[in-house]
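Asks: Coordinates for the following, if possible.
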Amino acid sequence: MGKPTIADLAKAAGVSATTVSHAFSGRRYVDPETRKRIEALAEAIGYRPNHRARRLRTGGAGSIALVSSMPFAVAAGPSRLGFLMEIAAAAAVTAFSRGISLCLVPPLGPRDSLDALEVDGAIVVEPELDDPVLDFFFDRGVEVVSIGRAPGRDSLPFVDLQSGATAHLLLDHLLEGGGRVGLITGLQRRNSYIEMEAVYAERVAQAGLSAIAIRVDERGGEQAAAAAAERLLRDDPTISALCVPVDAFATGVLDAAGIVGRTVPHDLRLATRYDGMRARLATPPLTAVDLHLDQVAAAAVDLLLARLGQLDPAPTIVSPPSLVLRASSVLPSR
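Replies: Sure thing, here's the model as predicted:
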């Protein structure tokens, strides 16, 4: 039998893992009798609180983690300078200014393990439905916040990525250009995909158009998107524009357009969500959205530290997303 975890102790005591954490850290009130029962059970099963709980007893935290279940194929980008890395850089600066170190955990595969990770709190970037990364931290009583709403976990504190507003920006722009607009999102159920799909269904219905929406597995990255887009464009030559929120998928669509003889933007207008290196370096450059990720990352760090009791809770203020028009969706004036 392995070393008892905080989840084992919580089950034995009939309380939540959070209550066990508070009983050892002293940073939240726990009924004295409940605390004694937890301590006695901990002794009986051989559970020992780790250094994280001892630091929290004095009101301090030493390190936090930034984690994502997104594969490198979509999260990292060229030279691994993508969506996740931009968030990490900004979060590290904010954490350092608060006297906290930030540990960047690389996107995890199905066989990877977090068991050796010892942190006081965690920021999970765009968790998916039933995300195992969240379960790992919950089972250990680690405080967690997310960047982007966590599907199915309404009680989890989060910094809003304003996915609905972003969807409206992209789709309104593409629909204004006329013709049929299609959508390519990720197979995984992340909130940004869910909100994008909902706004898309609403907007094409309002425009009296039929929906053309497909999903691509994130793990396939650019190549999987290129293959799916090639099939889509061959099967339906009436498509005049594609909204492709994942920038790796969008660059794959550019490849597919070339294979089927569709010139961007003359024969196919294209827009993506994240205004990163992929969007800027593509040929032609991709219309995208400034998500103000520096503000998002700073807000997430401060939200987590507030949850850990090291900062006074304060409303997180992030600028509204703004559309960055580029050649992939704008037809040259005659």
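
Asks: drop to CA atoms for contacts and neighbour counts, all remaining ones
Replies: Noted.

Asks: ok, and the helix or strand in this structure with the lowest average confidence?
Replies: Least confident helix or strand, the chain: helix 51-57 with a mean of 48, by mean pLDDT, DSSP states H and E.

Asks: next SSE after it?
Replies: Tracing the chain past helix 51-57, the next element assigned as helix or strand by DSSP states H and E is strand 63-68.

Asks: Report all helices and strands that that following strand contacts.
Replies: Here strand 63-68 touches strand 101-104, strand 121-125, going by 3 or more Cα pairs under 8 Å, 6 or more residues apart in numbering; DSSP states H and E.

Asks: and the chain, what are its domains?
Replies: Taking automatic domain parsing as the domain assignment, the ranges for the chain are 6-58, 63-161+294-307, 163-290.

Asks: Which one of those lies nearest to Ala327?
Replies: Among the domains of the chain, domain 163-290 comes nearest to Ala327, with 5.8 Å by Cα to Cα.

Asks: hey, where'd the strands end up in the stretch 51-200 of the chain?
Replies: Taking DSSP state E, counting those that start in this stretch as the criterion, the stretch 51-200 of the chain carries its strands at 63-68, 101-104, 121-125, 143-147, 158-159, 180-186.

Asks: for those, which one sits closest to Ile6?
Replies: strand 143-147 (13.1 Å).

Asks: Which strands or helices does that closest one pack on?
Replies: For strand 143-147, where contacts count as 3+ Cα pairs under 8 Å, 6+ apart, the packed elements are strand 121-125, helix 132-139, strand 158-159, helix 293-307.

Asks: Output the ones you listed as TSV; include the columns mean neighbour count.
Replies: Supplementary listing: the helices and strands packed on strand 143-147 in TSV, determined by neighbours: other Cα atoms under 10 Å:
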stretch	mean neighbour count
strand 121-125	26
helix 132-139	16
strand 158-159	24
helix 293-307	23
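
Asks: Out of those, which gets nearest to Ala226?
Replies: When the helices and strands packed on strand 143-147 are compared by Cα to Cα, strand 121-125 sits nearest Ala226, at 25.2 Å.

Asks: Each with direction, which strands does the closest one pair with?
Replies: Paired with strand 121-125 in the same sheet, following DSSP bridges, are strand 63-68 (parallel), strand 143-147 (parallel).

Asks: which residues does Thr214 contact?
Replies: Careful, residue 214 is Ile; it's not Thr. Under the criterion of Cα atoms under 8 Å, 6 or more residues apart in numbering, the contact list for Ile214 reads Leu183, Ile184, Thr185.

Asks: between those residues, which is closest to Ser163?
Replies: Of all the contacts of Ile214, Ser163 sits closest to Thr185, with 12.9 Å by Cα to Cα.

Asks: and the residue nearest to that closest one when sequence neighbours are not counted, which of the three is it?
Replies: Excluding its sequence neighbours, the residue lying closest to Thr185 (Cα to Cα, 6 or more residues apart in numbering) is Arg215, at 4.9 Å. For Arg215, the secondary-structure state derived from DSSP: H, G, I helix; E, B strand; the rest coil is strand.

Asks: how many neighbours does Tyr274 have?
Replies: For Tyr274, the count of nearby residues is 25 (other Cα atoms under 10 Å).

Asks: Also Ile317?
Replies: Using other Cα under 10 Å: Ile317 sits among 12 other residues.

Asks: Would you mind confirming that it is in contact with Ala300?
Replies: No: judged on Cα atoms under 8 Å, Ile317 makes no contact with Ala300 at a distance of 10.5 Å.

Asks: Spatially central, which residue of the protein would that be?
Replies: Central residue of the chain (Cα atoms, centre = their mean): Glu126, 1.6 Å from the mean position.

Asks: Distance-wise, check that one relative to Arg326.
Replies: Remark: distance between Glu126 and Arg326 (Cα to Cα, to the nearest Å) = 26 Å.

Asks: what's the answer for Arg219, then?
Replies: Counting by Cα to Cα, the gap between Arg219 and Arg326 amounts to 27 Å.

Asks: Now stretch 263-270: buried residues?
Replies: Buried positions in stretch 263-270, judged by neighbour count with 16 or more other Cα atoms under 10 Å: Val264, Pro265, Asp267, Leu268, Arg269, Leu270.

Asks: quick one: which of those is nearest Ser155?
Replies: Closest to Ser155 out of those is Leu270 (35.8 Å), distances taken as Cα to Cα.

Asks: Pairing partners for the closest one in the sheet, please.
Replies: In this structure, Leu270 bridges to Leu242 when assessed by DSSP bridges.

Asks: Thought Ala150 was touching Asp160, still the case?
Replies: No: taking contacts as Cα under 8 Å, Asp160 lies outside contact range of Ala150: 10.1 Å.

Asks: So between these two, which is more surrounded?
Replies: Between Asp160 and Ala150, Ala150 has the larger neighbour count (other Cα under 10 Å), namely 26 against 17.

Asks: dump the residue contacts of the more buried one.
Replies: By Cα under 8 Å, 6+ apart, Ala150 lies in contact with Glu126, Pro127, Glu128, Leu129, Leu156, Phe158, Arg190, Asn191.

Asks: Could you verify my assumption that the residue nearest to Thr185 touches Tyr193?
Replies: No: using Cα under 8 Å, Arg215 is not in contact with Tyr193; the gap is 9.4 Å.

Asks: Fine by me, thanks again.
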